[in-house]
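>>> Structure for the following, please:
(one chain, ligands or ions: 1)
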Amino acid sequence: MRVGPHEFASNLFLSPLAGYTNLPFRLVVREVGGIDWATTDLVNARSLLERNPRALQLVRTGPAEKLLAVQLFGAVPEEMRDAAALVESMGIASVDINMGCPVKKVTGIGGGSAMMTELNKTAQLVRGMVAAVKIPVTAKMRLGWDENNLTAPDLARVLEDAGVAAIFVHGRTRAQGFSGTVNLAGIRAVVLAVQRIPVIGNGDITTPEAAKHMLDTTGCAGVGIGRGAFYNPWIFRQTLDFLRTGAQSPEPGYADRVAVMRRHLDLMVEVFGEELGCKLFRKPAAWYAKRLGPAKEFKRAVIALRTRAEFEEIVARYSEWRAQFCDERGELQEQYAPAPLKASFLREPDDVAPQSIPVPRGPVDVW
Ligand SMILES: Cc1cc2nc3c(=O)[nH]c(=O)nc-3n(C[C@H](O)[C@H](O)[C@H](O)COP(=O)(O)O)c2cc1C
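Below is the predicted model of the structure:
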């Protein structure tokens with residue numbers, strides 16, 4: 001896989017998820033393996049230029065992150081240009097532009113998915129950024145504003161001309177939000193629209209089969225995985241193995257899942273301090289819990305987590321309680337195992353209980 005001057009092994013990318021894809025989570029998925037390139041949460045270009053502490057926290061990285069893209073949003077060409085130069089001066093490998101965010105706060109200032117509606121203006125802004133830095137500039141978009149305005153192929157073509165090094169595309173429109181099916185034909189149209197640069201498809205990938213299906217059907221060079229990685233930080237490694245060998249890796253056991261949660265919490269505490277780290281860990285912990293089997297008690301306790309030591313108490317209590325659902329190896333008996341996940345684009349019309357990926361509640365409801 002190649003993006004600009006960077007060549008790397010894995011064509012699987014961690015998709016940016018505001019509030020989640022912080023340094024601790026990125027380090028966790030990198031340690032689990034199967035991924036080389038990750039992107040930060042979106043960062044307001046102006047806030048970064050003003051050295052706003054929150055913006056600086058979002059771009060915080062470390063030596064383990066050789067290939068990191070900082071995702072910027074904004075619509076003022078000079079600010080986007082200067083913010084890209086600042087990102088480069090921090091030694092970061094790449095800068096990504098958010099052209100897909102449907103949230104009003106972002107589109108209202110002409111950023112995010114509003115950029116998909118004004119191709120010339122967007123191309124000019126991108127040219128300014130490309131000229132200002134040596135690191136690759138990439139763009140992340142949706143298929144268009146709504147189904148009557150599927151501008152992604154035209155935009156991708158224009159951006160390639162403007163010097164963008166890769167396109168990330170979520171196969172839904174802004175109007176769709178997170179509902180309905182990911183449109184693989186829409187992603188394919190973007191792949192066909194560009195000549196040289198890689199297109200990375202994205203949306204609803206929760207299994208290695210879904211990743212392979214998107215790659216095979218659309219011809220995209222790589223895939224981005226967002227929410228699927230919360231459930232399952234092993235998804236990159238499992239998918240890479242599946243793409244290489246066609247074989248399914250065994251599911252991680254309970255002890256592995258607890259070890260990864262513990263590592264995630266330790267990194268949260270290291271990066272944010274114990275109080276804030278524990279508070280921030282509550283959200284991802286609830287996602288991990290979705291794959292533990294019966295876990296109501298664990299969720300109830302972990303969403304009030306306050307200290308690192310408390311986590312061990314919660315796990316010990318939960319492990320004891322969970323034993324009633326397990327076999328002699330300590331793994332869940334089949335009838336208690338969580339239902340398999342299925343991507344929207346792989347569902348059959350007669351699937352009785354299709355598993356959609358929830359969108360986290362809160363201010364990001366409209367992502
Ligand atoms: C909570 C949440 C936050 C997101 N934040 C961002 C973001 O900061 N920048 C961005 O380009 N996309 C963002 N997205 C979109 C994801 O990167 C991705 O395109 C989308 O979730 C579809 O992929 P998935 O089904 O693998 O999650 C966000 C999505 C969610 C659910």
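
>>> For the rest of this, base every contact and every neighbour count on C-alpha atoms.
Will do.

>>> quick one: buried residues of the helix or strand of the chain with the lowest mean pLDDT?
One helix or strand of the chain scores below all others by mean pLDDT, DSSP states H and E: helix 104-107, with a mean of 77. By 16 or more other Cα atoms under 10 Å, the buried positions in helix 104-107 come out as 106-107.

>>> Then stretch 323-331?
For stretch 323-331, using 16+ other Cα under 10 Å, the buried residues are 325-326, 331.

>>> what about the least confident helix or strand of the chain, near the ligand?
No: Helix 104-107 lies out of reach of the ligand by Cα under 6 Å from any ligand atom, never closer than 10.5 Å.

>>> what comes into contact with that helix?
73-74, 101, 112-115 (Cα atoms under 8 Å, 6 or more residues apart in numbering).

>>> Same question for stretch 317-329.
The contact list for stretch 317-329, computed with Cα under 8 Å, 6+ apart, reads 294-295, 297-298, 330, 332-333, 336.

>>> Which of those residues fall in helices?
If you go by DSSP state H, the contacts of stretch 317-329 have 297-298 in helices.

>>> which of the contacts of stretch 317-329 are buried?
294-295, 298, 332.

>>> Among the residues you listed, which lie within strands?
Using DSSP state E, no member of those falls within strands.

>>> Residue 140 and residue 95 touch, don't they?
No: applying Cα atoms under 8 Å, one finds residue 140 not in contact with residue 95, separated by 10.6 Å.

>>> who's in contact with the residue lying closest to residue 66 once chain neighbours are set aside?
In this structure, residue 66 finds its nearest non-sequential neighbour in residue 93, 7.0 Å apart by Cα to Cα, 6 or more residues apart in numbering. Residue 93 is in contact with 66-69, 135-136, counting by Cα under 8 Å, 6+ apart.

>>> By neighbour count, which of those residues wins?
Ranked by the number of neighbours (other Cα atoms under 10 Å), the contacts of residue 93 place residue 69 first, at 26 neighbours.

>>> so that one sits in a strand?
Yes: assigned with DSSP: H, G, I helix; E, B strand; the rest coil, residue 69 falls within a strand.

>>> show me the contacts for it.
Residue 69 touches 37-40, 92-96, counting by Cα under 8 Å, 6+ apart.

>>> give me that answer again for 6 Å
Each residue near residue 69 by Cα atoms under 6 Å, 6 or more residues apart in numbering is listed here: 39, 94-95.

>>> Contacts made by stretch 333-347 with the rest, please.
Stretch 333-347 has contacts (Cα under 6 Å, 6+ apart) with 181-182, 204-205, 293, 325-327, 355.

>>> in that stretch, what counts as buried?
Neighbour count says stretch 333-347 has 341-346 buried, by 16+ other Cα under 10 Å.

>>> before we move on, what about stretch 226-234?
Using 16+ other Cα under 10 Å as the test for burial, stretch 226-234 gives 226-234.

>>> Quick one: which of these has the lowest pLDDT value?
Note: of these, the lowest pLDDT belongs to residue 231, at 82.

>>> tell me the phi and psi of that residue?
phi -60, psi -40 (degrees, to the nearest 10).

>>> Does it touch residue 288 like I think?
Yes: between residue 231 and residue 288 there is a contact at 5.3 Å, judged by Cα atoms under 6 Å.

>>> contacts with the ligand among the contacts of helix 104-107, please.
Restricting the contacts of helix 104-107 to those adjacent to the ligand (criterion: Cα under 6 Å from any ligand atom) gives residue 101.

>>> No more questions from me, cheers.
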